[in-house]
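Engineer: Pasted the sequence and its predicted model underneath.
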Amino acid sequence: MVIHLENYGGDCGKQMSLAKFKYVFGVHVATYCPQETACLLRGTWEKSAACYALIDWKTLPIFFSSLLPNLNFKEWMLEQALGLKAEIFEKLMMIIWALWKNINSKLWENRSHTATDMLFSCMTWLEEFQKARKSAVLPVKQVQQKWRPAATNRIKINVDGAFLAQLPHGGIGGIIRDSNSQFIATFAQPVQHVNSAKHVELLAIRAGVDLAKQLQLHQATIESDCLQAVQDIAFADYQSLDFGSIIDDIQGVQICFAPRTSNKVAHRLANMAFESDQNETWFGSIPNCILDIVQEETHPPI
């Protein structure tokens, strides 16, 4: 079957094979444009889009009723997105956009461009966009946040938890320092029957609070690198959450999120506890297992 199109979004007076007709019209109709689908199925596309065809219009509804159920433009696009290289897929998207824009220009403004013009223009737009995007991306220096001591007359407790989903146990660790970066105490403890990283982190926070109470330390700020745990503690209706009973023991203490780069000591202590079966607590002097990190944070290299 051969179909003759006049000014349908491209060159006029060109003949199409049925396969090409199915591709151009099928892909377009598969986007479910209500006006154009209705015109096609009524056989009145000729009037609405200045399109005429050497085809029996009486059979056109039958033709499309058999064609449309087999079309799934979304699945086809997903297939292209997964199968094509990124640069090729970008060009495909630009071409589809240009075709869609040209079709609408013909429908609503009665003007269109040739296929050659569309191809060159959309590739030019893509090139200009890529250049603009490339020039806008400036090299960014990654600045790691370092540990800082607490505010004057306060203490800081850094805590962390270690957990693996395949194992029922974990480890928690923490360190307490004053506003002058002076070491006060630290702990490393294995914990049993835990089921998530947040669970372990909440136990680490509670252990830090308990140690501060034991030493009669007040005005404490606790830092954790588990954002979800910090958010749960701050949640007004925390008792309705998982581990609400643990959170209840933590209330009344200032809790802050700290990235891993400023929580190195607690991270090492938690990993040590994960591999151990002993509860360890140190007071007064810094244990050798964390001495290097504490000294680095207290006296960072210039």
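Structural biologist: It's in.
Engineer: Break the chain into its domains for me.
Structural biologist: Per automatic domain parsing, the domain ranges recorded for the chain read 2-124, 155-298.
Engineer: looking at the ones you listed, which has the lowest confidence?
Structural biologist: With a mean of 61, domain 2-124 has the lowest mean pLDDT of these.
Engineer: Which one of the domains of the chain lies nearest to R133?
Structural biologist: Closest of those to R133 is domain 2-124, at 11.1 Å (criterion: C-beta to C-beta). Heads up, the C-betas are built off the backbone N, CA and C, glycines and all.
Engineer: would you turn the domains of the chain into a markdown table with distance to W147?
Structural biologist: As requested, the domains of the chain are arranged in a markdown table below (distance: least, C-beta to C-beta, whole Å):
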| stretch | distance to W147 |
| --- | --- |
| domain 2-124 | 40 |
| domain 155-298 | 4 |
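Engineer: Can you add mean neighbour count and give the ones you listed back as JSON lines?
Structural biologist: Shown next, in JSON lines, are these (neighbours: other C-beta atoms under 10 Å):
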{"stretch": "domain 2-124", "mean neighbour count": "14"}
{"stretch": "domain 155-298", "mean neighbour count": "18"}
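Engineer: can you tell which of the ones you listed is closest to P149?
Structural biologist: The stretch from these with the least distance to P149 (C-beta to C-beta) is domain 155-298; that distance is 4.6 Å.
Engineer: Next, the distance between the ends of the closest one.
Structural biologist: 15 Å (C-alpha to C-alpha, to the nearest Å).
Engineer: can you give me the strands in this protein?
Structural biologist: Taking DSSP state E, the strands of the chain run over residues 2-5, 14-17, 155-163, 169-178, 183-192, 220-224, 254-257, 280-283.
Engineer: Compare those and report which one is nearest to C122.
Structural biologist: strand 14-17 (19.7 Å).
Engineer: Among the domains of the chain, which comes closest to Q145?
Structural biologist: Distance to Q145, taken as C-beta to C-beta, is lowest for domain 155-298 among these, at 4.9 Å.
Engineer: what separates that closest one from the chain centre, distance-wise?
Structural biologist: Taking the mean of its C-alpha atoms, domain 155-298 sits 28 Å from the chain's own mean (C-alpha atoms, centre = their mean, to the nearest Å).
Engineer: Adjust the sequence numbering to begin at 88 for everything that follows.
Structural biologist: From this message on, residue numbering opens at 88, which makes the last subject domain 242-385.
Engineer: Dump the longest helix seen in the chain to CSV, restricted to CA.
Structural biologist: The single longest helix within the chain, with elements called by DSSP state H, is helix 173-196. These are the backbone C-alpha positions of helix 173-196, laid out as CSV (Å, rounded to 0.1, in the frame of the first residue of the first chain):
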residue,chain,number,x,y,z
ALA,A,173,23.6,8.2,25.9
GLU,A,174,24.7,10.5,23.1
ILE,A,175,22.5,8.6,20.5
PHE,A,176,19.5,8.7,22.8
GLU,A,177,19.9,12.4,23.2
LYS,A,178,19.8,12.8,19.5
LEU,A,179,16.7,10.6,19.2
MET,A,180,14.9,12.7,21.8
MET,A,181,15.7,15.9,20.0
ILE,A,182,14.4,14.4,16.7
ILE,A,183,11.2,13.3,18.3
TRP,A,184,10.7,16.7,19.8
ALA,A,185,11.4,18.4,16.5
LEU,A,186,8.8,16.1,14.8
TRP,A,187,6.2,16.8,17.4
LYS,A,188,6.8,20.6,17.2
ASN,A,189,6.6,20.5,13.4
ILE,A,190,3.4,18.5,13.5
ASN,A,191,1.7,20.9,15.9
SER,A,192,3.0,23.9,13.8
LYS,A,193,1.2,22.3,10.8
LEU,A,194,-1.9,21.5,12.7
TRP,A,195,-2.4,24.9,14.4
GLU,A,196,-0.4,27.4,12.3
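Engineer: what's it packed up against?
Structural biologist: Counting by 3 or more C-beta pairs under 8 Å, 6 or more residues apart in numbering; DSSP states H and E, the packing neighbours recorded for helix 173-196 are helix 105-116, helix 160-170, helix 202-223.
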